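# Sequence below, structure please.
(one chain, ligands or ions: 1)
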Amino acid sequence: MAVATVCWTAGAVVLLDQTKLPDEETELVCRDVAALVDAIKRLAVRGAPALGVAGAYGVALGASRHDDPLTGARDAAAELSVARPTAVNLAWGVRAALTAAEVAAEAGRDVAVAALAAARGIAEQDAAASDAMAAHGLPLVPAGARVLTHCNTGALVSAGGGTAFGLVAAAHRAGILRHLWVDETRPLLQGARLTAWEARRAGIPHSLLPDGAAGSLFARGEVELVVIGADRICADGSVVNKIGSYSLAVLAEAHGVPFIVVAPTSTIDLATASGDDVEIEHRAGEEVTSYAGRAVAPAGTIAYNPAFDVTPPRLVTAVVTETGVARPVDAARIAALVASS
Ligand code: MRU
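The predicted structure is shown next:
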């Protein structure tokens, strides 16, 4: 990509503005924390690992913009960690950078420099995790597989090759991927706008389908594997991911198709027992009642617009992380993945 998903340039957090894709590959320069919070809320930067990296850079930004860097880091952390509630990586990345800032302040070192170093470390760790997840997941992809994926999980959500899409791309390079089915992912079309864009650039044979067409693909026997990412994996192995993921898991079970989740251990939240305890982000009704800026439902229509749903562990065949694979998915195996990180 001409513009990196998230980076730090000349004292600002610079994002590839994902709201402009696939038409334009443009930078969004966030020179203060408010601009970054707005970018996160509008999904100019999105996807769990990228949110972790952006949040950490945001703490460095807050520290570098304030007369008292530690106060700047703390204020930034408070605003950023709640900008979106469901993806645990955001709060995780923010906390890691803030901890580095606090340790530096205690030791009399430069707070902003320490927060920036922590953010850079998170980005490097994320890039390395992408490669390791793909390597661990590859043996789970059957030769000649037609793979169905949901939302967007490639380089646009990561400092590396991504989560689920990183595995799909590795399967393509290994010559074992027959076809990629891309769910359009209503209402914000991360599949149509972003995954189809990434698949085209990677030369991966793919077709785009309306979310509601997935059932007919399973019924016709045209899916051998479902691969998705996650915004949070709870201690019991519940997977919180883009709305529509649960429907795919139910379909996969009904048709005897494996359902694999690819996510770094930074997405595992052992402090949250199950998906019932996760705050699910609900977004503006206009995202559903309008299309391309034009109202498509009668004025006053009330929308139901949760951004994420919960897939229980019994429907998940395997969780693939950079430290290994949990299969079957249960609390002990999820904890072991984290312990070896
Ligand atoms: O609302 P988004 O676009 O941030 O949602 C992103 C997803 O649901 C991804 O599938 C998820 O973050 C996993 S990819 C790392």
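
# Which positions in the stretch 151-300 of the chain make contact with the ligand?
Residues of the stretch 151-300 of the chain found near the ligand (CB under 6 Å from any ligand atom) are 151, 153, 157, 163, 190, 229, 230, 231, 241, 242. (C-beta placed from N, C-alpha, C; glycine too.)

# Tell me the spacing between the last one and residue 192.
To residue 192, residue 242 is 13 Å away according to CB to CB, to the nearest Å.

# circling back: show me the residues of the stretch 151-300 of the chain next to the ligand that map onto helices.
Per DSSP state H, helices hold the following members of these: residue 190.

# ok, which pair from the residues of the stretch 151-300 of the chain next to the ligand is furthest apart?
The span of these, defined through CB to CB, is set by 190 and 230 at 14.3 Å.

# ok, for residue 265, nearest residue in space, not its chain neighbours?
Closest residue in space to residue 265, ignoring its immediate chain neighbours: residue 341 at 4.1 Å, by CB to CB, 6 or more residues apart in numbering.

# measure the one you found to the ligand for me?
Using CB to the nearest ligand atom, to the nearest Å, residue 341 is found at 16 Å from the ligand.

# circling back to that earlier point, in CSV: the residues of the stretch 151-300 of the chain next to the ligand, plus pLDDT and neighbour count.
Output for those, formatted as CSV (pLDDT from 0 to 100; neighbours: other CB atoms under 10 Å):
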residue, pLDDT, neighbour count
151, 98, 29
153, 98, 33
157, 96, 35
163, 98, 34
190, 98, 26
229, 98, 31
230, 98, 30
231, 98, 30
241, 98, 30
242, 98, 27
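
# between the residues of the stretch 151-300 of the chain next to the ligand, which is nearest residue 217?
Minimum distance to residue 217 across these is 16.8 Å, recorded for residue 151 (CB to CB).

# What are the phi and psi values at that closest one?
Recorded main-chain torsions at residue 151 are phi 60, psi -150, according to degrees, to the nearest 10.

# That one touches residue 184, doesn't it?
No - with contact defined as CB atoms under 8 Å, residue 151 does not count as touching residue 184 (9.9 Å).

# Quick check: neighbours shared by these two?
Taking CB atoms under 8 Å, 6 or more residues apart in numbering as the contact criterion, the residues that touch both residue 151 and residue 184 are residue 191.

# Can you spell out which helices and strands pack onto the helix or strand hosting residue 14?
Here residue 14 is covered by strand 12-16, with elements defined by DSSP states H and E. The elements that strand 12-16 packs onto, with contact taken as 3 or more CB pairs under 8 Å, 6 or more residues apart in numbering; DSSP states H and E, are strand 6-9, strand 27-30, helix 48-65.

# The second one pairs with which strands, parallel or anti?
Looking at strand 27-30 with DSSP bridges, its partner strands are strand 12-16 (antiparallel).

# how about the strand it pairs with against the ligand, any contact?
No - if you take CB under 6 Å from any ligand atom as the test, strand 12-16 misses the ligand, and the best it gets is 13.1 Å.

# got the buried residues for that strand?
12, 13, 14, 15, 16 (16 or more other CB atoms under 10 Å).

# Report the rounded mean pLDDT for that strand.
Computed over strand 12-16, the mean pLDDT rounds to 98.

# do stretch 21-37 as well
Across stretch 21-37, the per-residue pLDDT values average to 97.

# Other residues contacting it?
Here stretch 21-37 makes contact (CB under 8 Å, 6+ apart) with 1-3, 9, 11-17, 20, 39, 44, 54, 57-58, 61-62, 65, 75-76, 79-80, 83, 156, 193-194, 196-197.

# What's the ChimeraX line that selects buried ones from those?
A single ChimeraX command suffices to select whichever of those are buried according to 16+ other CB under 10 Å:
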select :12,13,14,15,16,17,39,44,54,57,58,61,62,65,75,76,79,80,83,156,193,194,196,197
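
# Closest residue of the stretch 151-300 of the chain to the ligand?
For the stretch 151-300 of the chain and the ligand, the shortest gap (CB to the nearest ligand atom) falls at residue 229, measuring 2.7 Å.

# quick one: the helices in this structure?
For the chain, helices defined by DSSP H occupy the ranges 33-41, 48-65, 69-80, 88-107, 111-137, 164-173, 190, 196-202, 214-219, 245-254, 286-289, 331-339.

# on that earlier part again, quick one, the strand holding residue 14 and helix 111-137 angle?
For strand 12-16 against helix 111-137, the angle by axes from the mean of the first three to the mean of the last three CA atoms, to 10 degrees is 30 degrees.
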